[in-house]
Structures are given as C-alpha cells and as structure tokens.
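K.L.:
Pasting the sequence and the predicted model now:
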Amino acid sequence: MKYRAEIDGLRALAVVPVILFHAGFEPFSGGFVGVDVFFVISGYLITTILIEDLENQRFSLVNFYERRARRILPALFFVMLVCIPFAWMWMLPSQMKEFSQSLVAVSLFASNILFWRKSGYFDAAAEEKPLLHTWSLAVEEQYYVLFPIFLFLAWRYGKNRVFWMIVVMASISLLLSEWGWRNKATANFYLAPTRAWELFAGSIAAFIVQKNGVQKNNFLALLGLATIIFSIFVYDETTPFPSVYALVPVLGVVLLVLYADRETLAAKLLSTKAFVGVGYISYSAYLWHQPLFAFTRIRSLEHPSLLLMLALSFLSMLMAYISWRYVEKPFRQSQLVSRKIRLFSFFIGIFLLLTIGSIGYFTDGFKAHILNARQIALVDSLERSNLPACKKCFEEFFQQGESRQGREIVLIGDSNADHFSVGLQSIADDLGYSLHTLTYPGCMPLAEFYRLDKSPGVNAECLSFNRLFKETLSKNNEKFDVIIVSAAWLLYFYGSEVLDGIANYSGTPIISSPNLSLDGSNPIKPEEREEIFVEYFNNLLSQLLSNANKVIVVGPLPPSIVRFDNKFAIRNPKLLITDQYLTSISAFSRALNKSLISHQVSFIDLASELCRERECEVIRNDKFLYSDPTHLSHYGQLTVIAPMLEELLR
C-alpha cells in the first residue's frame, strides 16, 4: 500500500479537535466529529490492505488480526495499566467498580456496549470515566473482526458486486442511524450498526481509489477540508449524531481521500511536518487525553480551569510521543519484537486486565480496601430512593372517566419531586391517601419550556407529556385533595451553572422561551427571565388550584458544592458556603414570591430548613442529606422533607 502523508495529516485534524472538545473549549463544540474522521480513515486503510491481499492471493485472517493487534493493543494496554493505580488512589468504590467493569469490557472489545448501557456520551458523569473514549476503538475492533470475513466470503462474487454490497450495507446503516437518533439516541451513538456506514464510506473510497487512483482536484479537496472544519466549529452537543448531519464530515474525508493528490493545496497543507508529526502520535494522543482529563476532574473539588485543561492537552501530546516511541513502534516493527513475544504479551495483558477488572467488580470496587468503616457508612448514605417508574400508572391516570375513590395526592415535577416520593408514599399510606406520582425527569412541570441541553427527542417527549397532563387536568370535574409540585427550579431559571453551586447566570441559557420550535433559536434572554417565570408560576399555580383543594409548592433545594463522587470530599466533608448562592437566588425568589403572594398555596422552604446564615447542612448524624449536588438522599428525604410534608397533610 502506497504511503499517503496527507492521511497522517488528516489524523491530526481529527485528534486535536477531539481533545480540545473534551477539554471544554467552546469554539471546538463539534470536535467530537474527529472520531467520525477516524472511522472513515480506518475503513479506507483497512479495505485497501484487504483488497491488495485478496488480489495478490496472500490474504490471511490470522495475519490480519495479528497486525491489527500489534497496532492497537500495546499502547491501549499500557494506558489502561497506568490508569489502575490512579483509580485506586482517587476513586470511590462505586467509581472503582464502574472502572473495573470498563477494564473487562475494553479487554473484550465491547466497551461501546458497556457505555451504551451505562450513560450518555455528553452526560456530566461521562467526563469522569477514564476509559469512555474506548467505545470508538470497540466499534473499530468489531469492524476489524467481521469485515475481513465478509470480504473474503463475498470476494468470489466479483469486486464490482462486493462494492455494491458495501454501498447497500452503508445505506441501511445510515438509515438506521437516522431512525436511531430519534428513538434510541444513546444506542445510536455507541453501537456499531449505526456507525458502520462511516467505516463503509472509507471502504467505498478504497474501492474507487484502487480502481482510479487518487485524482487531482483542488476544489473538491479543499471542499472536503472545509466541510470537516465547518462541522468542528458549528456542530455541538445538540446536533443529532450520528445522522445525516454526520454526512458533512464523513463526505469531507471521502473527498480528501479521492481528490487530495499530493499536488493539491489541501494535501500540501495536511502533509506539512506539523500535521504529519501529530498524525503519527494521534492514536496514543487519543488514548491518553481522556484518562488525563477524567482523573483531573475526579481529583478536583472544583471544575478544572481551561488553563489547566489546556496544559493537560499538551501533556497528552507529550505522553503520546513517549508511548508511540517506546511502546507502539517496538511492537509494530516485527524485527524488534518477535511474534511469540508479541502474542505472549497480548495474552498476559488481556488476562491481567480481565482479572483486575473482575475482582474490582465483584468486590464492589475494592470497597473494603479503599475506605474505612465510617467512610463506607457515609458513602452508603448517599443512596437515593424513589418509586419505580410505572407506565401503567400514567396510563391509568390519563384515562378519561377514571373512577376515583378515597383521598388522593398527586405529585408532579421532575426528579426533584421524584427523589422524595418514597417518603411521601409512606406518609400517604399512614394518613389514608392514595398517591399518584406523575414525574418526568428533566421536564419542567406543566411548562412550554424546554432545556437546550437535552436532545430534541427528549424535549419533544417532555412537552408532549406536559400537554397531555394539562388536557387531562382541564377535563377533570372533581378536585384532587392535594397536588404537590417540585422541580429543580434554579436549574431552569439560571442554567447549568447552578450545578456548580454558584447560581449566577452565564453562558448559554438552558431554557428556551415558551411556544417556540425545538431548534433552540430563541432562548430566554437574561433580562426576560424574571418576567417570564412570574407568568409561568402564575399560570401553574392557577391551573393547580383549579384542580386541587390544596396545593403544596416545594421550593428549590440549595445546590451543594460538595463533591459526593470525590474521595477527598468524602474523607473531609464540608458544609456549603452560600454567599454567592444567596446573592444570586434573589431574582428567582422575587419571581416565585410574586406568584405565591397572589395564590393561596402552601410553601416548603428547603433553603430555610437546611441553611443557617452562610452555611447549609450537607451531613446530619454522620449521614449525607444529599445523594448528589441537586438531589436528596434517602436519609435526607426522610429527615428533611418528609416531616414538613406530613405536617401539611395532617
């Protein structure tokens, strides 16, 4: 296979935006498309190698797998082994258990399946998973396992038919991804069937280049380069991915592969020493950046500064050079390391990582070895309990003409209502009420608002739920005894900055204005917030009072800045200092109080219950009141909010 320097340069264009995106640099909001660039490059290179082997009748599945193992496993295993002692020192048992699980999944080339089951790629918790980025390696590895077998079996039908088979498979995969982002967004992001078309795009390019050679077309090559750069700086976390949107960077890579002859301007740019040099170490750089970022976030009590993240980005490049020079190269050069040594090393690496991962998982993250008895009890108190989701409950409640008996309580809101539903159920049972828990995570109750940090599909479901709920209430002829409403009010009012415990408004608003489309093109402006929320609360309370004899509004839970997932915070738990919180909450309080004054409702002031002067309780009787910065623990709901609710319901 003829070496193309511009392909190495293209690798640099892929890895740098990925690193800067994960570091939190907003201009690189679409830096995640670098992974898609890697997929196309892999599909192109692997297919080119396989075609040449098949045509020259030297195809060997064993040799192919061995070459791929030499390319991928040494640096990967090295990074994983380096991560283990830092995980031991800095992770809580729950984190260590998940990390141990990821060690096993990566070793079995199935980490994309694990992370699909565990979380979303853009979740805040995902930032602290050291091996999250290996999901893309798993997709490639699954392609490496299956595609050569397909190509070998299909080759007998002729190259032209094989080409069209790949085109058909790519089309099906693309259509599946277009369906997937609307219906199964997380699975769509992580799993191979909806990513395969990107690899197949590279395969299709390989067939064309193998037949026609690399063509010289300055315009098309520059267009390809421009589309990749466009997607890096224009796309963001709200862009459905993968989907037809991914065609922009994918086709950009294909254009470069097909038309970036070495004499074109795009090829000359990508072939410069700087681009090619970064391209050489791009694989190791990709491996190192996520663990460096994740462990820094785990170790920090506050969010790392951009300056620190920039320094870590450079450090990932330095570590990449070291592992490329002393790990990757020796194993890739057969004359330096014999085949027997390589195979033995791979076997030992897999066995060691599987063993450590399995032990860590089955011992609950080495729980007895990481924390002492008091710390274990403290960590155990972080558990949050809520009533299990009940689809039938929603369906029964929304049925028209439903027969109702006895006294009833309806709990509405988001997860900040759901987190005290167990305690409320116990109170309802004791006092002879039936309880309907009708909550929707991340969804502002009965609002036409939606969150800009949520996917369009999730927002659409939220709005649909709220509208159905409103319609049901408007048709209700008999009042409920009690409606209780609670939500993460500060999150909706101020935006995501509230999660840092500093409810100051900054950056992009997290809520879009009422009655707007789901494109987020008209978010609430800072100066509009108070007025809009006064109107929202007036409408909400009027609606609830028309449908209940008594309405209870649960005020905002003061967000804690204690890192409940930080071992050092657990060892030295501190109270929340609330100077900035108390200052910045004033605008929200004005909006809420204006509505409370004009409506006869009961109000539970959690801030007054938990906070005294400049400090708020986080721990009571050596147990956490919170399960995370914005939710109560099981102990917290029983000791903080349940007594207040019981007094109002008697």
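P.N.:
That came through fine.
K.L.:
Going by C-alpha atoms from here, please, whenever you check contacts or count neighbours.
P.N.:
Fine.
K.L.:
Excluding covalently adjacent residues, which one is nearest to Asp364?
P.N.:
Distances taken as Cα to Cα, 6 or more residues apart in numbering put Lys97 closest to Asp364, at 5.4 Å, once the chain neighbours are dropped.
K.L.:
Okay, and the one you found sits in which element?
P.N.:
helix 93-107 (DSSP states H and E).
K.L.:
Please apply the same query to Phe603.
P.N.:
strand 602-604.
K.L.:
Only C-alpha atoms, please: export the next helix or strand after that strand in PDB.
P.N.:
Downstream of strand 602-604, the next assigned helix or strand under DSSP H and E is helix 606-610. Extracted in PDB, the C-alpha atoms of helix 606-610 (Å, rounded to 0.1, in the frame of the first residue of the first chain):
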ATOM      1  CA  LEU A 606     -36.000  23.900  51.900                       C
ATOM      2  CA  ALA A 607     -33.300  26.700  52.000                       C
ATOM      3  CA  SER A 608     -34.600  27.900  55.400                       C
ATOM      4  CA  GLU A 609     -34.700  24.300  56.600                       C
ATOM      5  CA  LEU A 610     -31.200  23.400  55.600                       C
END
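K.L.:
centre of the chain versus helix 606-610, how much separation?
P.N.:
32 Å (Cα atoms, centre = their mean, to the nearest Å).
K.L.:
So what touches whatever helix or strand comes next after it?
P.N.:
Remark: after helix 606-610, the chain's next helix or strand is strand 611-612, criterion DSSP H and E. With Cα atoms under 8 Å, 6 or more residues apart in numbering as the contact definition, strand 611-612 has outside contacts at Glu617.
K.L.:
Quick check: Val485 is in a helix.
P.N.:
No. Under DSSP: H, G, I helix; E, B strand; the rest coil, Val485 sits outside any helix and is assigned strand.
K.L.:
so who does it touch?
P.N.:
Contacts of Val485 (Cα under 8 Å, 6+ apart): 411-413, 417, 445, 551-554.
K.L.:
Quick check: beta-bridge partners of it?
P.N.:
Ile412, Val553 (DSSP bridges).
K.L.:
State the distance from it to Gln600.
P.N.:
14 Å (Cα to Cα, to the nearest Å).
K.L.:
With Trp179 instead?
P.N.:
47 Å.
K.L.:
how does the chain divide up, domain by domain?
P.N.:
Domain segmentation of the chain under automatic domain parsing yields 5-370, 391-442+479-505+525-649.
K.L.:
So what does Arg370 have for phi and psi?
P.N.:
To be clear, residue 370 is Ile; Arg isn't right here. phi -90, psi -40 (degrees, to the nearest 10).
K.L.:
Hmm, it is touching Pro85, no?
P.N.:
No. Checked against Cα atoms under 8 Å, the pair Ile370 and Pro85 is beyond contact range at 11.9 Å.
K.L.:
Between the two, tell me which one has more neighbours.
P.N.:
Ile370 (17 against 11; other Cα atoms under 10 Å).
K.L.:
Doesn't Ser177 lie inside a helix?
P.N.:
Yes. Under three-state DSSP, Ser177 falls within a helix.
K.L.:
out of everything not next to it in sequence, what's closest to it?
P.N.:
Nearest non-adjacent residue to Ser177 (Cα to Cα, 6+ apart): Thr194, at 4.7 Å.
K.L.:
Neighbours of the one you found, how many?
P.N.:
As a measure of burial, Thr194 has 25 neighbours, counting by other Cα under 10 Å.
K.L.:
Next one: it relative to Ile172, how far apart?
P.N.:
9 Å.
K.L.:
What is the three-state secondary structure of Gly442?
P.N.:
coil.
K.L.:
what helix or strand does Arg70 sit in?
P.N.:
Arg70 belongs to helix 61-90, assigned by DSSP H and E.
K.L.:
Mind listing what's buried along that helix?
P.N.:
Within helix 61-90, the residues that count as buried by 16 or more other Cα atoms under 10 Å are 64, 68-77, 79-81, 83-84, 87-88, 90.
K.L.:
got it, and stretch 300-314?
P.N.:
Buried-residue list, stretch 300-314, by 16+ other Cα under 10 Å: 300-301, 304, 309-310, 312-313.
K.L.:
Which members of the residues you listed are the farthest-apart pair?
P.N.:
Spatial extent of the buried residues of stretch 300-314 (Cα to Cα) is set by the pair Leu301 and Ser313 at 20.1 Å.
K.L.:
Would you mind giving the buried residues of stretch 300-314 as TSV with pLDDT added?
P.N.:
Converted to TSV, the buried residues of stretch 300-314 look like this (pLDDT from 0 to 100):
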residue	pLDDT
Ser300	82
Leu301	70
Pro304	86
Met309	95
Leu310	96
Leu312	97
Ser313	97
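K.L.:
just checking, which of those belong to helices?
P.N.:
309-310, 312-313 (DSSP state H).
K.L.:
For stretch 599-618, measure first residue to last.
P.N.:
Note: stretch 599-618 ends 32 Å apart using Cα to Cα.
K.L.:
quick one: buried residues of it?
P.N.:
Neighbour-count burial for stretch 599-618 [16+ other Cα under 10 Å]: 601, 603-604, 606-607, 611, 616-618.
K.L.:
again, but for stretch 156-172
P.N.:
In stretch 156-172, counting by 16+ other Cα under 10 Å, buried: 162-163, 166-167, 170-172.
K.L.:
and of those residues, the nearest to Val209?
P.N.:
The shortest approach to Val209 among these belongs to Phe163, at 12.3 Å (Cα to Cα).
K.L.:
Distance to Leu382 added to the domains of the chain, as CSV?
P.N.:
As requested, the domains of the chain are arranged in CSV below (distance: least, Cα to Cα, whole Å):
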stretch, distance to Leu382
domain 5-370, 11
domain 391-442+479-505+525-649, 4
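K.L.:
Relative to Leu378, which of those is closest?
P.N.:
Here domain 391-442+479-505+525-649 is closest among these (Cα to Cα), at 5.5 Å.
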